[in-house]
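Enquirer: with the input below, show me the fold.
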Amino acid sequence: MGNNSQLIDTFAKTVLIVIQLGFIHAIFLLPVLLITTNRFIMLVKRTFETTKTVPVIEEKKTQEVIASGA
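Expert: From the prediction side, this is the model:
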């Protein structure tokens, strides 16, 4: 009976160590995940901003050429 109790105790300690390692893992990876997500969102925003502003700049250039040509 004592051997069975020791086996359960060892198993419980192993489970606790695995859970603690999981928490430590998550604590270290969470900032990396947040920074990476933030950079990805900024890149997507910058991409959409440049695609919106480029045609407007081209329209202004063509209007200036027409105005100066007339």
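Enquirer: for stretch 11-21, what is the average pLDDT?
Expert: Summarised as a single mean, pLDDT over stretch 11-21 is 96.
Enquirer: who touches it?
Expert: When contacts are defined by C-beta atoms under 8 Å, 6 or more residues apart in numbering, stretch 11-21 is touched by no residue outside itself. Bear in mind the C-beta positions are built from the backbone N, C-alpha and C, glycine included.
Enquirer: pull out the buried positions in that stretch.
Expert: Buried residues in stretch 11-21, counting neighbours by 16 or more other C-beta atoms under 10 Å, are absent.
Enquirer: where does this protein dip in pLDDT?
Expert: Applying pLDDT under 70 to the chain picks out residues 1-2, 51-70.
Enquirer: now the helices for the chain?
Expert: Counting by DSSP state H, the segments of the chain that form helices are 2-69.
Enquirer: please tell me how far Leu7 sits from Thr14.
Expert: To Thr14, Leu7 is 11 Å away according to C-beta to C-beta, to the nearest Å.
Enquirer: er, Ile8 actually
Expert: Taking C-beta to C-beta as the criterion, Ile8 is separated from Thr14 by 11 Å.
Enquirer: what about Ser5, neighbour count?
Expert: Ser5 has 9 neighbours, counted by other C-beta atoms under 10 Å.
Enquirer: hmm, I typed the wrong one, I wanted Thr50.
Expert: Residues within reach of Thr50, counting by other C-beta under 10 Å, total 9.
Enquirer: now do Phe48
Expert: Counted with other C-beta under 10 Å, the burial measure for Phe48 works out to 10 neighbours.
Enquirer: please report how far it lies from Asn3.
Expert: Relative to Asn3, Phe48 is positioned 65 Å away (criterion: C-beta to C-beta).
Enquirer: Leu30 now?
Expert: Using C-beta to C-beta, Leu30 is found at 41 Å from Asn3.
Enquirer: compare neighbour counts for the two and give me the winner.
Expert: Between Leu30 and Asn3, counted using other C-beta under 10 Å, Leu30 has the larger neighbour count: 10 against 6.
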